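**Student:** next one to model:
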Amino acid sequence: MSEIRGVLRRGRGRHRRRKRVPLKTAVAAAVLVAGSAFAVNAVDDRPECEPQARPGGAHDDHRHGTAMGTCGTRPTAAHDHRPEGHGAPEGAGHPPAGGRQAPALVPDTAAGYDRERCGNTSGRVLLSLDDWAYSDPERATRVGAQLQAQGVRAAFFLINKYASQYPQITATLRQQGHWVGSHTWSHRQLTRLTDQELQDELRNGIPGNFLRPPYGDAGPRETEVAASIGQRVCNWTIDTYDWQQTDGAFRDAEAIRTTVREATPEEKNNGVILGHLFSNFPDALAGIITDLRDQGYQMCRNTGPTTDQVPYPLQC
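**Tutor:** Numbers count the residues shown, from 1 in each chain. You can find the predicted model right below:
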């Protein structure tokens with residue numbers, strides 16, 4: 001394991017949402033924490049399906065990406081074999097380069113709940129990892145083990161089309177002290193679904209009360225349906241843009257680290273950092289954690305095994 005260094009940064013990216021007014025909570029802390037061993041293996045990730053043109057619509061100005069896959073049908077076989085190639089899953093389109101926008105503030109059913117901070121009022125930073133490591137599913141538990149060794153609790157939002165085939169991964173992550181939430185069944189853009197499709201996509205996700213909608217895109221209808229099945233929307237304040245690709249290669253770990261390091265205090269205080277299991281984000285974690293600690297921030301504390309019910313406010 002290599003040396004851990006830690007910092008987190010602001011997010012606007014992969015799942016681009018409507019503009020929101022930045023929060024103005026200042027943070028003044030100066031705590032230096034020595035880093036320790038931390039290493040994560042890189043993986044080669046596979047796309048879920050062939051993209052197709054996204055239908056036009058009144059909401060295209062705030063969508064993330066311009067392509068949408070044809071996946072979303074619940075598989076009947078025990079395993080779903082992904083085609084060769086690099087990329088993110090169906091519906092994992094991203095905003096144009098340079099288009100950094102934070103998600104819109106859509107009120108949740110609970111008064112005072114800040115979905116961009118996932119109910120985090122601790123002053124600490126929550127690391128979050130989305131989707132799935134397609135060609136190396138166990139990467140999630142390796143990342144989880146190394147964060148656990150550093151006393152750090154993270155939130156993993158998994159696509160259940162894949163996670164349901166590896167139930168031991170969800171169980172292990174929770175035993176390691178991490179929160180595991182739903183990233184829906186197949187990562188379809190919820191705001192483009194019919195009422196029945198929306199119900200199916202949410203109900204077939206990982207059971208629990210923590211939901212990260214694909215692209216962070218959830219309006220009043222989606223929020224209400226999620227609440228009806230006991231789920232709170234959890235988005236992010238810092239998007240690392242780890243999903244971006246240039247000539248087929250994902251953004252490198254150093255660029256991801258820099259994005260977090262340069263995030264504003266408002267984004268870091270009670271902040272939530274967005275990364276993905278299929279990208280180079282896991283390789284950037286050591287540096288992110290080091291940088292954040294050098295800047296006086298601390299990570300969400302790992303206090304032991306968790307369940308499918310995430311407390312509110314978050315116990316960081």
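
**Student:** three-state assignment of Leu127?
**Tutor:** Here Leu127 is strand, with the state taken from DSSP: H, G, I helix; E, B strand; the rest coil.

**Student:** show me the shaky parts of the stretch 1-150 of the chain.
**Tutor:** Filtered on pLDDT under 70, the stretch 1-150 of the chain yields the residue ranges 1-112.

**Student:** rerun that using 90 as the cut-off
**Tutor:** Scanning the stretch 1-150 of the chain for pLDDT under 90 picks out the ranges 1-113.

**Student:** name the element Gly275 belongs to?
**Tutor:** If you go by DSSP states H and E, Gly275 is part of strand 272-276.

**Student:** that strand pairs with which strands?
**Tutor:** strand 126-131 (parallel), strand 238-239 (parallel) (DSSP bridges).

**Student:** which one of the ones you listed lies closest to Gly119?
**Tutor:** Among the strands paired with strand 272-276, the nearest to Gly119 by C-beta to C-beta is strand 126-131 (9.9 Å). In short, each C-beta sits where N, CA and C put it, glycine included.

**Student:** would you map the helices across the stretch 101-250 of the chain?
**Tutor:** 139-149, 160-163, 167-175, 195-203, 220-228 (DSSP state H, counting those that start in this stretch).

**Student:** of those, flag the one that's most buried.
**Tutor:** Across those, averaging neighbours per residue (mean count of other C-beta atoms under 10 Å) puts helix 160-163 on top, at a mean of 23.

**Student:** now do that one, average pLDDT.
**Tutor:** With pLDDT averaged residue by residue, helix 160-163 scores 98.

**Student:** just to revisit the earlier point, skip ahead from the strand holding Gly275 and say which helix or strand is next.
**Tutor:** helix 281-294.

**Student:** and that next one, average pLDDT?
**Tutor:** Computed over helix 281-294, the mean pLDDT rounds to 98.

**Student:** just want the angle from it to helix 139-149.
**Tutor:** 20 degrees (axes from the mean of the first three to the mean of the last three C-alpha atoms, to 10 degrees).

**Student:** helix 281-294 packs against which elements?
**Tutor:** In terms of contacts (3 or more C-beta pairs under 8 Å, 6 or more residues apart in numbering; DSSP states H and E), helix 281-294 is packed against strand 126-131, helix 139-149, helix 253-261, strand 272-276.

**Student:** same list (these) but as a markdown table, adding distance to Pro214.
**Tutor:** Putting the helices and strands packed on helix 281-294 into a markdown table (distance: least, C-beta to C-beta, whole Å) gives the following:
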| stretch | distance to Pro214 |
| --- | --- |
| strand 126-131 | 9 |
| helix 139-149 | 18 |
| helix 253-261 | 20 |
| strand 272-276 | 12 |
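
**Student:** so which of these is nearest Asn120?
**Tutor:** Nearest of the helices and strands packed on helix 281-294 (C-beta to C-beta): strand 126-131, 5.6 Å.

**Student:** out of the helices of the stretch 101-250 of the chain, the one nearest Asp131 is which?
**Tutor:** Taking the helices of the stretch 101-250 of the chain one by one with C-beta to C-beta, helix 160-163 is closest: 8.6 Å.

**Student:** put the alpha carbons of the closest one into CSV.
**Tutor:** Provided in CSV are the C-alpha atoms of helix 160-163 (Å, rounded to 0.1, in the frame of the first residue of the first chain):
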residue,chain,number,x,y,z
ASN,A,160,-28.2,-3.0,-8.9
LYS,A,161,-28.3,-4.6,-12.3
TYR,A,162,-24.7,-5.6,-11.5
ALA,A,163,-24.6,-5.5,-7.7
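
**Student:** which one of the helices of the stretch 101-250 of the chain lies closest to Ser279?
**Tutor:** Using C-beta to C-beta, the nearest of the helices of the stretch 101-250 of the chain to Ser279 is helix 139-149, at 10.9 Å.
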